[in-house]
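**Student:** based on what follows, work out the 3D shape:
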Amino acid sequence: AFEQWTRASSSGDVQLSPSIYDAGPGDLEAAIRLACRQLMKHSLQFVDFLKEAGLYKNLSNTGRWALLGVGQEWAVHQFVFWKTTLLQNLEPGITTLSTQQRLEDVQQQVHNTPDQTAFTEALLQAIKVANQYREHRASTTHDIHMEPTVGSELWTHTTRTVLARELAIHSSEILVRAALQAFRECDDPNYEKIKKIGIDGVRDNDDLVHKLSIEHAYYEGLCRLALKNNKKYSLDDLLTKWDDFPDFMIDWFTTQRKISHVLRYGELIPDTLSKWMTRDERLKQYRWVHAVRQNKFDDACRYSLEDSCTPQKPLHYVQFSLGIAKLASVVSASEDELRKDIINRSEIAAIQKRLLSEDSKNTPLKAPEDLLRVALNLIKDGSGDDDARAGVAVDGLGLAKSLDNLDMAATVWAQVISVDMTDWQRWIESGIEPTRNELLERTLFGEVWKLVQESHLDNHTVQYDKPLEKKVMAKIGRGNELQRLLRKVSSTTLQTHSVLTGNI
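**Tutor:** Here you go, the predicted model:
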């Protein structure tokens, strides 16, 4: 039909076979695409023929791009063959190769030879020729106003192998753009890999990297630039551009340990960041920061308390978390039980720091029972004066208070009394009893009793009152005489308990 049209066009009397008009759309398009490949050097005339015959309007967007691809290939055909012939003495028959095959063949031949640079220059010029044809002919000659669909046979698409190999050697803007365009438009599975190779290859040009990263949704490039210059290359306006970008951004900055960036951008996508902080162990310890920034102080208090309970966290971290929890509880409506937990754990942490010295700041928070054993040993065998022992005993009572454990408190008091058991026994046997003031000054029991009265440990669990006295005496296993001497010291608290309970 095309040959008929060509011969008759000069006379203006063009009559085409009816079968052309009777063919179905799919069959007609397949025939046109096949004929166009065979008529490559006449591709522009062929398009004119299709338009005049009224057939072109029936072509799909993919079919029109296919015709443009043929014209594009012919536009660079002679240039590529001429340029590459200057590089190599090609074997007979090689001129029958397609433009794509010609480039692949020559590229392999010139690899690691002096001609490699010249080949690169020829390829870049060929890309320019192809792009110019596409730019000038797409909307005019081919009446295309949409982006190419997947499967469109463009010349740059068929040279993906050549472009990818060239990217491995060097990068330039025109080469990177051509490769990215080719791999994206044909939906090549290696598109993501080419993004990284190509855009990373021009990373010295920040503005170009930024532009290409947006054009091709290269998230890593955008995040890297934001890390380099957060003001110039801010991600604020991009977090809603792609649905999966926020998740990538959070994960990328977290992996880079740039938590400040995660928190900063997280303010713009609070719900997304909250979900990440719930499931990602790397971010859980920063939940309180995110909550505070949203004025959710109840959550900040709860998160900080939970963080303080994380196994194997060093003592200084535990104390920091508890400090945040305490501050948040002041401005929140936290429940009394939660506040009590914060106070108790803070007390345990402070006691551990005193019992184990400053070296314990990198030691995980120990269980109160373990710390009590340390305190009891220090009371029994510890060096130093009674003041130091008395301080340890008060810490032991503080542990009992934090757990509201009367038996633990009785164990501490029993150990305190046992330290001076020789003196207690001597006084009982001699019948010469010290005065109350002497007992307060000369016994560890007296020192501890005074400290408890002066301290904040006014809890019934640790005060040496009647319920506690009963447990202590059971642990010591001594008679009424010792009890009477001890009561000379603790008479105030015993009387107070009697008044409160009505057992005077």
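**Student:** now do the SS call for residue 124.
**Tutor:** helix (DSSP: H, G, I helix; E, B strand; the rest coil).
**Student:** list the buried residues for the helix or strand hosting residue 453?
**Tutor:** Following DSSP states H and E, one finds residue 453 within helix 444-454. Residues of helix 444-454 classed as buried by neighbour count (16 or more other CB atoms under 10 Å): 444, 445, 446, 447, 448, 449, 451, 452. C-beta: built from backbone N, CA, C; applies to glycine.
**Student:** which one of the residues you listed is nearest to residue 279?
**Tutor:** The closest of the buried residues of helix 444-454 to residue 279 turns out to be residue 452 (CB to CB; 46.7 Å).
**Student:** run through the residues that contact that closest one.
**Tutor:** 394, 397, 462, 463, 464 (CB atoms under 8 Å, 6 or more residues apart in numbering).
**Student:** sorry, back to before: got the buried residues of helix 444-454 as a markdown table, with distance to residue 199 and pLDDT columns?
**Tutor:** Converted to a markdown table, the buried residues of helix 444-454 look like this (distance: CB to CB, whole Å; pLDDT from 0 to 100):
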| residue | distance to residue 199 | pLDDT |
| --- | --- | --- |
| 444 | 74 | 92 |
| 445 | 77 | 92 |
| 446 | 78 | 92 |
| 447 | 73 | 91 |
| 448 | 71 | 91 |
| 449 | 75 | 91 |
| 451 | 69 | 89 |
| 452 | 70 | 88 |
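**Student:** same list (the residues you listed) but as TSV, adding distance to residue 175.
**Tutor:** Listed next are the buried residues of helix 444-454 as TSV, based on distance: CB to CB, whole Å:
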residue	distance to residue 175
444	85
445	88
446	89
447	84
448	82
449	86
451	80
452	81
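**Student:** ok, back up a step: in the next helix or strand after the helix holding residue 453, what counts as buried?
**Tutor:** The helix or strand immediately downstream of helix 444-454 is helix 466-476, counting by DSSP H and E. For helix 466-476, burial by neighbour count (16+ other CB under 10 Å) applies to 466, 468, 469, 471, 472, 473, 476.
**Student:** save those residues as JSON lines, and put in pLDDT too.
**Tutor:** Formatted as JSON lines, the buried residues of helix 466-476 follow (pLDDT from 0 to 100):
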{"residue": "466", "pLDDT": "84"}
{"residue": "468", "pLDDT": "87"}
{"residue": "469", "pLDDT": "88"}
{"residue": "471", "pLDDT": "91"}
{"residue": "472", "pLDDT": "91"}
{"residue": "473", "pLDDT": "91"}
{"residue": "476", "pLDDT": "89"}
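**Student:** and which of these is nearest to residue 307?
**Tutor:** Of all the buried residues of helix 466-476, the one with the least separation from residue 307 (CB to CB) is residue 468, at 35.0 Å.
**Student:** quick one: that closest one from residue 375, how far?
**Tutor:** Distance of residue 468 to residue 375, given as CB to CB, to the nearest Å: 17 Å.
**Student:** list the contacts for residue 447?
**Tutor:** 386, 387, 389, 390, 440.
**Student:** now the buried members of these.
**Tutor:** The neighbour-count criterion (16+ other CB under 10 Å) marks 386, 389, 390, 440 among those as buried.
**Student:** for the last one, give me the pLDDT.
**Tutor:** By that I understand residue 440. Model confidence at residue 440, given as pLDDT, is 90.
**Student:** do the first one as well
**Tutor:** The model reports residue 386 with a pLDDT of 72.
**Student:** residues touching it, list them.
**Tutor:** By CB under 8 Å, 6+ apart, residue 386 lies in contact with 444, 447.
**Student:** at 10 Å what do you get?
**Tutor:** Neighbouring residues of residue 386 by CB atoms under 10 Å, 6 or more residues apart in numbering: 393, 419, 420, 441, 442, 443, 444, 446, 447, 448.
**Student:** could the residues you listed go into JSON lines alongside distance to residue 51?
**Tutor:** Compiled in JSON lines, the contacts of residue 386 are given as follows (distance: CB to CB, whole Å):
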{"residue": "393", "distance to residue 51": "103"}
{"residue": "419", "distance to residue 51": "110"}
{"residue": "420", "distance to residue 51": "114"}
{"residue": "441", "distance to residue 51": "116"}
{"residue": "442", "distance to residue 51": "118"}
{"residue": "443", "distance to residue 51": "114"}
{"residue": "444", "distance to residue 51": "110"}
{"residue": "446", "distance to residue 51": "113"}
{"residue": "447", "distance to residue 51": "109"}
{"residue": "448", "distance to residue 51": "106"}
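**Student:** any idea which helix or strand comes after the strand or helix carrying residue 416?
**Tutor:** Here residue 416 sits within helix 406-419, counting by DSSP H and E. Next along the chain after helix 406-419, taking DSSP H and E as the criterion, comes helix 421-430.
**Student:** contacting residues for residue 227?
**Tutor:** Counting by CB under 10 Å, 6+ apart, residue 227 touches 233, 252, 253, 256, 258, 261.
**Student:** also residue 120?
**Tutor:** For residue 120, the contacting residues are 107, 110, 166, 169, 170, 172, 175, by CB under 10 Å, 6+ apart.
**Student:** return the subset of these lying in helices.
**Tutor:** Judged by DSSP state H, helices contain the following of these: 107, 110, 166, 169, 175.
**Student:** are any of those buried, and which?
**Tutor:** Listed as buried from the ones in helices among the contacts of residue 120 are 107, 110, 166, 175; burial here means 16+ other CB under 10 Å.
**Student:** which pair in those residues spans the largest distance?
**Tutor:** Taking CB to CB, the two most distant members of those are 110 and 175; they sit 15.9 Å apart.
**Student:** any low-confidence regions in the chain?
**Tutor:** 4, 6-21, 84-98, 149-153, 155-157, 358-360, 382-384, 456-461, 492-504 (pLDDT under 70).
**Student:** backbone phi and psi for the closest residue to residue 201 other than its chain neighbours, please?
**Tutor:** Closest residue to residue 201 apart from its sequence neighbours, by CB to CB, 6 or more residues apart in numbering: residue 171 at 2.9 Å. Main-chain dihedrals, residue 171, degrees, to the nearest 10: phi -130, psi 140.
**Student:** residue 171 contacts residue 178, correct?
**Tutor:** No. Shown here, residue 171 and residue 178 do not form a contact pair, counting by CB atoms under 10 Å, at 11.4 Å.
**Student:** who has more neighbours, the two?
**Tutor:** Between residue 171 and residue 178, residue 178 has the larger neighbour count (other CB atoms under 10 Å), namely 26 against 19.
**Student:** list the residues that contact that one.
**Tutor:** For residue 178, the contacting residues are 123-124, 126-128, 130-131, 156, 159-160, 162-163, 166-167, 172, 198, by CB under 10 Å, 6+ apart.
**Student:** how about residue 251?
**Tutor:** By CB under 10 Å, 6+ apart, the contact list for residue 251 reads 219, 223, 262, 276, 280, 282, 283.
**Student:** which one of the residues you listed sits closest to residue 72?
**Tutor:** Using CB to CB, residue 219 comes nearest to residue 72 of the contacts of residue 251, at 31.1 Å.
**Student:** number of nearby residues for the closest one?
**Tutor:** Count around residue 219 with other CB under 10 Å applied: 21.
**Student:** mind checking how far it is from residue 205?
**Tutor:** Per CB to CB, residue 219 is found 18 Å from residue 205.
**Student:** could you list the buried residues of stretch 115-123?
**Tutor:** Neighbour counts over stretch 115-123 (16+ other CB under 10 Å) mark 115, 116, 119, 120, 122, 123 as buried.
**Student:** can you pull out the strands in the stretch 1-150 of the chain?
**Tutor:** When secondary structure is read from DSSP state E, counting those that start in this stretch, the stretch 1-150 of the chain shows no strands.
**Student:** quick check: buried residues in the helix or strand in which residue 200 is found?
**Tutor:** Per DSSP H and E, residue 200 falls inside helix 191-201. Under the neighbour-count criterion of 16+ other CB under 10 Å, helix 191-201 has 191, 194, 195, 197, 198, 199, 201 buried.
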